[in-house]
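*Asks:* Give me a model of this one.
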Amino acid sequence: MIRKIVAGTIVFVILGTSNILSYAAPTTAPINTSKDTKNTNKKVEEVKQSFEVVIPEKDSVTSDKNLVLSFKAPQGTKVSIEVYHNVSKDDETEDYELSYDPIEVTVGSIQMGWAEIELQSGLNKIEFKAKYKNGSEDSTVRIINVMEVEEVKQLLEEIVNKSTLGIGKKP
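*Replies:* Next comes the predicted model:
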């Protein structure tokens, strides 16, 4: 019995210490234009440029006026962040005004970028513009509503009271 335990342990140690790695490289495929010419290699798949906002993940409501933004992009991508505030007095229309100068961030080797912004009470629009090394561009917009804690509680109560099923209604 002890021999089986020792043999099993040795097998697990050997399997655990063996280094089996695999690497991926861009795929190339030979292209024949005619029978008389040489085969040439052409890159089959281009690496897709992508920009993704991590925080805030989607439009949201918060009571915190300071917000840390986080985003992913390829190395060397230049990201411009513009923060707008709704100055409209009418609740039905939106009139955004630039709050302060745009923030410029160049994404480094870890392919992540961060910035801290200060929001104003009410509706805020955050516009991300990414410019990749190859010159292509991408943009994303997030709407953040900054409200006081009491306003958020009141809004939640109104949502519960207007429930279509009548669940959670106060008598």
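*Asks:* Every contact and neighbour count from this point should use C-alpha atoms.
*Replies:* Will do.
*Asks:* Would you mind identifying the next helix or strand past the lowest-mean-pLDDT helix or strand in the chain?
*Replies:* Every helix and strand of the chain was ranked by mean pLDDT, DSSP states H and E. The lowest is strand 40-43, at a mean of 45. Per DSSP states H and E, the first helix or strand lying C-terminal to strand 40-43 is strand 52-55.
*Asks:* CA atoms of the helix or strand hosting Ile143 as PDB?
*Replies:* Ile143 belongs to strand 137-146 when assigned by DSSP H and E. Listed in PDB are the C-alpha atoms of strand 137-146, where the atom choice follows Å, rounded to 0.1, in the frame of the first residue of the first chain:
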ATOM      1  CA  GLU A 137     -10.500  55.600 -34.300                       C
ATOM      2  CA  ASP A 138     -13.100  54.300 -31.900                       C
ATOM      3  CA  SER A 139     -15.400  56.100 -29.500                       C
ATOM      4  CA  THR A 140     -17.700  55.300 -26.600                       C
ATOM      5  CA  VAL A 141     -20.100  57.300 -24.500                       C
ATOM      6  CA  ARG A 142     -21.300  56.800 -20.900                       C
ATOM      7  CA  ILE A 143     -24.000  58.800 -19.100                       C
ATOM      8  CA  ILE A 144     -23.500  59.100 -15.300                       C
ATOM      9  CA  ASN A 145     -26.200  60.700 -13.200                       C
ATOM     10  CA  VAL A 146     -24.900  62.100  -9.900                       C
END
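*Asks:* Okay, buried residues for the next helix-or-strand element following that strand please.
*Replies:* As assigned by DSSP H and E, the chain's next helix or strand after strand 137-146 is helix 149-161. Neighbour-count burial for helix 149-161 flags Asn161 (criterion: 16 or more other C-alpha atoms under 10 Å).
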